[in-house]
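Engineer: what's the 3D shape of this:
(2 chains)
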Amino acid sequence: DVKVTQSSRYLVKRTGEKVFLECVQDMDHENMFWYRQDPGLGLRLIYFSYDVKMKEKGDIPEGYSVSREKKERFSLILESASTNQTSMYLCASSLGSPLHFGNGTRLTVT
Amino acid sequence: RKEVEQDPGPFNVPEGATVAFNCTYSNSASQSFFWYRQDCRKEPKLLMSVYSSGNEDGRFTAQLNRASQYISLLIRDSKLSDSATYLCVVNQGWTSGTYKYIFGTGTRLKVLA
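Structural biologist: Numbers count the residues shown, from 1 in each chain, chains lettered A, B, ... in the order given. Below you'll find the predicted structure:
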């Protein structure tokens, strides 16, 4: 079974803080994704990576950056957290077919 | 028009009932299709992929109709544990520099005792 692990289940941060969300997958998948999920808006793609050091902006990249230094790890960075970034963050990986999700990080920015 | 549309529900059904959900998609070039189950405040989990010939996994049957651009999920003999939100996911392949998955907003199912 594919295992996608997100480092934190719940996080509470203050406005203006720099926030790191980490994601690790154990199946040698090339493609990794960061989504956020909000009620009524569904899942929205923040960033996508198809290889080490390669990244592509998704639909809502503003206020976020990413890092992929190793194939198994894809990090999402909130440069200066704001209250409108309070959300459920989901990491996923794939080898070109179904997505496999991590268990999510529920981030609250106060 | 949304790229992937689902009836949000909730569908309230008694235990043992059969229930069906549909999901329509707008891009005829979409390549692959999936149903995910999501429990409250948890991550989506793959329920089944959807193939052109239709496929079945126990009480669950998924179908794809490319001509009419919809996929369906049928749940037979509903259990209380089937209560969840069911997400339709469409893979459009490599599009505009990204590997594009489009998500429906989900259909909520409540199975009642």
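Engineer: top strand in chain B by residue count?
Structural biologist: The single longest strand within chain B, with elements called by DSSP state E, is strand B:84-95.
Engineer: ok, then the element right after that one?
Structural biologist: strand B:98-103 (DSSP states H and E).
Engineer: in chain A, which spans are strands?
Structural biologist: Going by DSSP E, chain A shows strands at A:4-6, A:10-13, A:19-21, A:23-25, A:31-38, A:42-51, A:54-57, A:64-70, A:73-78, A:87-94, A:100-101, A:105-109.
Engineer: looking at the ones you listed, which is nearest to B:Arg37?
Structural biologist: strand A:100-101 (11.3 Å; CB to CB). In this view, the C-beta of every residue, glycine as well, is placed from N, C-alpha and C.
Engineer: residues contacting B:Pro14?
Structural biologist: Going by CB atoms under 8 Å, 6 or more residues apart in numbering or on different chains, B:Pro14 touches B:Ser78, B:Val111, B:Leu112, B:Ala113.
Engineer: if I pick the last one, what's in contact with it?
Structural biologist: Listed by CB under 8 Å, 6+ apart, the contact partners of B:Ala113 are B:Pro14, B:Glu15, B:Leu80.
Engineer: and for the third one?
Structural biologist: Contacts were defined as CB under 8 Å, 6+ apart; by that measure B:Leu112 touches B:Asn12, B:Val13, B:Pro14, B:Glu15.
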